[in-house]
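J.: sequence first, then the predicted structure, then my questions.
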Amino acid sequence: MSGVGAWIRYKDPIQAHEIDFAVEHYRAAILQPWEVEAAAELKRRRPDMTVLCYKCLSSTRDYEPGPVFTSGVSSTEAEREGGDWFATRLDGSRIEWERYPRHWQMRVWDPAYRQRWVANVSAELADSPFDGVMADNDVFDDYYGLNLPLTGLDSMSELRAALGELVAAAGAALRERGKILVPNIAESRREPGRWDTHAQWGGGFEEVWLGWNPDELFEPYTAHQQLGQAAGPGISILRVPTHGSDDHPNFLYGLAAFWIFGDGSGAYSATGHDDYSQLQYVPELDFQLGSPLGPPQQVGDTWTREFKHGFAAANLAKDRRMRRKIKVPRGMVDASGEPVARKHVLHAHHGLVLRRG
């Protein structure tokens with residue numbers, strides 16, 4: 001039986017051995033939209049896997065040769081239509097994203113741009129093996145040096161509203177074709193209801209679950225604001241930041257929280273920043289803990305939950321000195337199959353995922 005992993009794979013061409021590994025270990029995959037053959041092979045061998053293609057809501061990239069693009073409206077098409085769909089500063093200059101060369105901000109607030117994005121993407125997915133779209137850059141703040149105001153746009157709240165309209169229109173159009181939309185919903189914790197509203201078309205992707213980066217994990221209050229994302233609606237794909245190594249403690253920390261607060265029903269990944277070319281894996285990713293035997297249990301900032309076939313614990317405390325002694329149910333074993341002691345000390349920002357022996 002496959003694990004609960006999410007394969008986020010944006011970079012070099014996919015190799016056959018990677019397909020084999022994904023079939024064995026992952027529940028969901030996000031691939032570049034031109035990886036149609038890989039998507040078809042995954043669906044042939046794992047019809048239960050959710051396979052999504054990447055599309056950017058907010059930008060176009062002028063380096064892509066086509067004919068398939070990561071954007072809903074390619075730079076060539078935007079130029080052909082007169083260039084008015086490129087966002088501009090008040091002086092008329094176009095806006096290249098900071099840290100992402102040759103990514104150009106588009107006029108998401110233009111209804112004509114949104115209509116073309118929806119028409120292009122829904123047509124492309126009509127007869128595709130992909131189950132739907134992971135729509136990237138459903139942004140909340142200015143992450144790319146837009147430095148508002150822009151021509152026709154005065155505030156980030158206006159941009160968020162426009163993106164909300166685009167997500168709703170694209171989600172409805174894809175649903176009519178039997179496909180789903182899973183936006184990368186930035187900072188939904190800051191706006192009550194944002195996650196559920198944007199995820200209603202098939203699910204949501206949280207790219208910074210439980211922390212901004214490997215060394216800047218959220219304190220308990222902020223983490224609590226995200227925990228409900230694990231429970232849907234639709235498929236929740238949650239990614240926790242690491243330094244890129246599978247043995248980083250954040251991997252098990254996030255996986256434990258994934259089980260505790262979402263019953264293991266979505267898909268999970270732990271990667272370095274923009275490191276989407278690897279096959280991230282720990283043996284615990286394959287554990288099938290089964291149905292929960294009760295609700296999550298809390299002692300201070302530490303949460304535990306027992307399942308029919310396993311047990312998970314996560315210490316959300318920020319202070320590294322805040323260790324917590326937890327009681328492990330009888331009969332649990334670790335990834336090596338070794339019995340685990342009944343008492344275990346769990347350090348801050350660490351997690352434990354066990355199965356019954």
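T.: Happy to help now that I have it.
J.: Ala257 belongs to a strand, doesn't it?
T.: No: secondary structure of Ala257 (DSSP: H, G, I helix; E, B strand; the rest coil): helix, not part of a strand.
J.: tell me which residue of this protein is furthest from the middle?
T.: In the chain, counting by C-alpha atoms, centre = their mean, Asp91 sits farthest out from the average C-alpha position, at 35.7 Å.
J.: distance check, that one against Pro149.
T.: Remark: distance between Asp91 and Pro149 (C-beta to C-beta, to the nearest Å) = 12 Å. All C-beta spots, glycine's among them, are computed from the backbone N, C-alpha and C.
J.: now do Arg99
T.: For Arg99, the distance to Pro149 - C-beta to C-beta - is 22 Å.
J.: then Arg27?
T.: On the measure of C-beta to C-beta, Arg27 and Pro149 end up 43 Å apart.
J.: between the two, which is the more surrounded one?
T.: When Arg27 and Pro149 are compared on other C-beta atoms under 10 Å, the one with more neighbours turns out to be Arg27, at 23 against 12.
J.: name the element the more buried one belongs to?
T.: strand 26-31 (DSSP states H and E).
J.: what pairs with that strand, and is each one parallel or antiparallel?
T.: In the sheet, strand 26-31 lines up against strand 5-9 (parallel), strand 50-56 (parallel) (DSSP bridges).
J.: of all those strands, which one is nearest Lys327?
T.: strand 5-9 (28.5 Å; C-beta to C-beta).
J.: how big is the angle separating the one helix or strand Glu37 maps to from strand 26-31?
T.: Assigned by DSSP H and E, Glu37 belongs to helix 36-45. Counting by axes from the mean of the first three to the mean of the last three C-alpha atoms, to 10 degrees, helix 36-45 lies at 160 degrees to strand 26-31.
J.: please enumerate residues in contact with helix 36-45?
T.: 14, 19, 22-23, 29, 31, 49, 51, 53, 68, 128-131 (C-beta atoms under 8 Å, 6 or more residues apart in numbering).
J.: name the nearest of these relative to Tyr144.
T.: Cys53 (22.1 Å).
J.: tell me the SS of the residue nearest to the closest one when sequence neighbours are not counted?
T.: Nearest non-adjacent residue to Cys53, counting by C-beta to C-beta, 6 or more residues apart in numbering: Pro33, 4.0 Å away. At Pro33 the chain is in coil, as set by three-state DSSP.
J.: residues in contact with Pro33?
T.: Cys53, Tyr54, Lys55, Val68, Phe69, Thr70, Glu124, Phe130.
J.: in the sheet, who's paired with the residue nearest to the spatial centre of the chain?
T.: Closest residue to the average C-alpha location of the chain: Phe205 at 3.1 Å, with C-alpha atoms, centre = their mean. Residues in a beta bridge with Phe205, per DSSP bridges, are Asn184, Ile237.
J.: correct me, but it touches Met134?
T.: Yes: counting by C-beta atoms under 8 Å, Phe205 touches Met134, with 5.7 Å between them.
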